[in-house]
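Asks: Pasting a predicted model and its sequence here:
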Amino acid sequence: MTRDEAAPRSGTGRRGAVVAALMLAMALAALDSTVVATAVPQIVGDLGGFSVFSWLFSGYLLAVTVTLPVYGKLSDTFGRKPVLVVGAAVFLAGSLLCALAWDMNSLIAFRILQGLGGGALQGTVQTLAADLYPLKERPRIQSKLSTVWAVSAIAGPGLGGLLAAYADWRWIFLVNLPVGALALWLIVRHLHEPRRERPSRARIDWAGALAVFACGGVLLTALVQGGVAWPWLSPPSVALFAAGLALAVAVVLIERRAAEPIIPGWVWRRRTIAAVNLALGGLGLLMVAPSVFLPTYAQSVLGLGPVAAGFVLSVWTLTWPASAALSQHVYRRIGFRDTALLGIGAAALILLAFPLLPYPGAAWQPTLLMMTLGAALGLFQLPLIVGVQSTVGWAERGTTTASVLFCRQTGQTLGASLFGAVANGVLASRLGGAGDLDSVTRAWDAGRAPEAVRHAVADAVHAVYVGAACAAALAFVVLLLLAPRRFPVLTD
């Protein structure tokens, strides 16, 4: 065992309490990405600002995504504990301010502040999990975190709706305070990192951090708002993409000259890390198809109610972590890359099977596909995360983990924009330009959707699933061509 690997586990104190804190922190970060969805009518009714309410989601997403690389580098420089403590404190401050918001603009600003802390929670929790456990035990903790993430993200809309209906929407943010405070107390009391040799004067690449934040913010804003707030080829969209590209060039120039860059070049020069980053970007892309479009399909085509539609989606949270936990028995025999290839190859076939479902079909059919899709993606994601974390030492693990999560988040953002455009394009062609997914869903809820609309929604969602299958195929090709068959795992 290397000294770099041994130190984190020998100095963690009461590991069970730390793991409990990590799971609580992961639950908060996942919950707040979805919990606001069903409370929007109550929030808009209280604060107004219907025209900009989508920034309650995209603002949080942007802040989380663009800060992941920054927090990853900071955790490698100063340690995991200070970054996690500061991130949790910022998240809790943002939650409290969200509950005190007086109008929609203030709520959006405080959601962005919440996201600035959420980025630290996401990246540092995953990194600490790898620090705490040796390679043979990492699948267990990572599958637990995957379960917490999936269950919390799926439960978010239901919890938000209950609180908005029976209490007040402000409780959506207030419930974070006791849970987050408990996690923070457990981290402060029980996580004891060993002393490490650091430069006498740590050099922080603040210029690089600001450039990464600005570049990511501008590009992700263009992706989130393009085709929604304005047409793709409109002046605002073109201007944002041009500014984003200019900032990307600035990031490259700044990072090449920085002594301790936020995004070091080795992240993309090492075949294993680059391949995993691109493959998990494909995972983020394909996850949009079931997460965003399946509930609409279940209600509009199958005629299910909101609760039953949510169940059709949520079944993959049962098979995903179970498959992830069992994946260690596969990758110990055939390796990380081949296990991931098996999972993503199966996922591509399952996604392609969705358009072959009969119309209108029965609820058990997409439910069965979602269960098998969750099992396939569990074989894909966890071996890649465990594998790539095992190729680096403590001093590089935070940056590596953050780059992986950053690519997955960016893939989700890109997928939401891309597949939204695909679905709306199919609906427009089927309905003669007479609607989009939002208007169709509202029509169905009001009992006015004719058979032609149901067919149009089915065609639109089928097209999205074909696109998701293409994303899975792309991830397969990337791993096959770029990733080494055997990951260069450090001695553990």
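Replies: In hand now; what should we look at?
Asks: make it CA atoms for all contacts and neighbour counts henceforth
Replies: OK.
Asks: Please give me every residue in contact with the most centrally placed residue in the chain.
Replies: Of all residues in the chain, the one closest to the mean position by C-alpha atoms, centre = their mean is Gln409, 4.5 Å from it. Taking C-alpha atoms under 8 Å, 6 or more residues apart in numbering as the criterion, Gln409 is in contact with 65, 281, 284.
Asks: Buried members of those residues into ChimeraX, please.
Replies: In ChimeraX syntax, the buried subset of those is picked out as below (16 or more other C-alpha atoms under 10 Å):
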select :65,281,284
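Asks: So which of the contacts of Gln409 belong to helices?
Replies: Within the contacts of Gln409, residues falling in helices by DSSP state H are 65, 281, 284.
Asks: May I ask you to confirm that the first one is in contact with Arg408?
Replies: No - the pair Thr65 and Arg408 fails to qualify as a contact (C-alpha atoms under 8 Å) at a distance of 9.1 Å.
Asks: quick revisit: and which of the contacts of Gln409 is nearest Gly123?
Replies: When these are compared for distance to Gly123, the smallest value, 9.9 Å, is given by Thr65; criterion: C-alpha to C-alpha.
Asks: Spit out the contact partners of the closest one.
Replies: Contact criterion C-alpha under 8 Å, 6+ apart gives 119, 216, 406, 409-410 as the residues in contact with Thr65.
Asks: Hmm, which of those is lowest in pLDDT?
Replies: Lowest pLDDT within the contacts of Thr65 is found at Gly216 (78).
Asks: got the buried residues for the host helix or strand of that residue?
Replies: Under DSSP states H and E, the secondary-structure element containing Gly216 is helix 206-225. For helix 206-225, burial by neighbour count (16+ other C-alpha under 10 Å) applies to 208-225.
Asks: With stretch 71-87 instead?
Replies: Of the residues in stretch 71-87, those with enough neighbours to count as buried (16+ other C-alpha under 10 Å) are 71-77, 79-81, 83-85, 87.
Asks: now, among these, which is nearest to Ser323?
Replies: Using C-alpha to C-alpha, Gly72 comes nearest to Ser323 of the buried residues of stretch 71-87, at 27.6 Å.
Asks: And the pLDDT at the closest one?
Replies: At Gly72, the predicted lDDT confidence score is 84.
Asks: Helix or strand for it, just tell me which one.
Replies: Taking DSSP H and E as the definition, Gly72 sits inside helix 55-78.
Asks: so what's Asn370 closest to, chain neighbours aside?
Replies: In this structure residue 370 is Met, not Asn. Closest residue to Met370 apart from its sequence neighbours, by C-alpha to C-alpha, 6 or more residues apart in numbering: Trp316 at 5.4 Å.
Asks: and what of Val301?
Replies: Across the structure, with C-alpha to C-alpha, 6+ apart as the measure, the residue nearest Val301 apart from its sequence neighbours is Arg454 (5.2 Å).
Asks: wait, isn't that neighbour in contact with Ala298?
Replies: No - here Arg454 does not reach Ala298: they are 10.6 Å apart, not a contact under C-alpha under 8 Å.
Asks: Specify which residue of those two has the higher count of neighbours.
Replies: Ala298 (25 against 22; other C-alpha atoms under 10 Å).
Asks: In this structure the more buried one contacts Ser291, no?
Replies: No - counting by C-alpha under 8 Å, no contact exists between Ala298 and Ser291, whose distance comes to 11.8 Å.
Asks: can you pull the pLDDT of Ala346?
Replies: Among the per-residue scores, Ala346 shows a pLDDT of 95.
Asks: so which helix or strand takes in it?
Replies: Element membership of Ala346, judged by DSSP H and E, is helix 336-353.
Asks: Report the distance from the helix or strand just after that helix to the chain centre.
Replies: Following helix 336-353 in sequence order, the next helix or strand is helix 364-389 (DSSP H and E). Taking C-alpha atoms, centre = their mean, to the nearest Å, the mean C-alpha location of helix 364-389 is offset from the chain mean by 15 Å.
Asks: the inter-axis angle of helix 364-389 versus helix 336-353?
Replies: Put simply, helix 364-389 runs at 160 degrees to helix 336-353, going by axes from the mean of the first three to the mean of the last three C-alpha atoms, to 10 degrees.
Asks: what is the rounded mean pLDDT of helix 364-389?
Replies: Across helix 364-389, the per-residue pLDDT values average to 90.
Asks: Same check on stretch 293-302?
Replies: The average pLDDT for stretch 293-302 rounds to 79.
Asks: can you give me the offset of it from its chain's centre?
Replies: 22 Å.
Asks: what do you get for stretch 354-361?
Replies: Centroid separation between stretch 354-361 and its chain, computed with C-alpha atoms, centre = their mean, is 28 Å.
Asks: how about that stretch: buried residues?
Replies: 354-355.
Asks: Residues touching it, excluding its own?
Replies: So stretch 354-361 is contacted by 301-302, 365-366, 369, 462-463, 465-466 (C-alpha under 8 Å, 6+ apart).
Asks: Kindly state the domain boundaries assigned to the chain.
Replies: Partitioning the chain according to automatic domain parsing yields domains covering residues 1-191, 206-263, 265-492.
Asks: which residues does Ser106 contact?
Replies: Remark: with contacts taken as C-alpha under 8 Å, 6+ apart, Ser106 is in contact with Cys98.
Asks: Would you mind measuring from it to Gly217?
Replies: Relative to Gly217, Ser106 is positioned 19 Å away (criterion: C-alpha to C-alpha, to the nearest Å).
Asks: what does Pro290 give?
Replies: Computed as C-alpha to C-alpha, the Pro290 to Gly217 distance reads 26 Å.
Asks: now do Gly156
Replies: For Gly156, the distance to Gly217 under the criterion C-alpha to C-alpha works out to 25 Å.
Asks: Could you do Leu304 as well?
Replies: For Leu304, the distance to Gly217 - C-alpha to C-alpha - is 37 Å.
Asks: Please apply the same query to Leu373.
Replies: With distances defined as C-alpha to C-alpha, the gap from Leu373 to Gly217 amounts to 32 Å.
Asks: show me the contacts for Ala183.
Replies: 20-22, 24-25.
Asks: Quick check: buried residues in the longest helix belonging to the chain?
Replies: Identified as the longest helix of the chain according to DSSP H is helix 394-430. Counting neighbours by 16+ other C-alpha under 10 Å, one finds that the buried residues in helix 394-430 are 394-428, 430.
Asks: just for the stretch 101-250 of the chain, where's the confidence low?
Replies: Regions of the stretch 101-250 of the chain meeting the criterion pLDDT under 70 cover residues 150, 153-155, 157-158, 161, 195-203, 224, 227-229.
Asks: quick one, the helix or strand harbouring Ala452 and helix 336-353 angle?
Replies: For Ala452, the enclosing helix or strand under DSSP H and E is helix 451-482. Between helix 451-482 and helix 336-353, the angle formed by their directions is 160 degrees, by the same axes, to 10 degrees.
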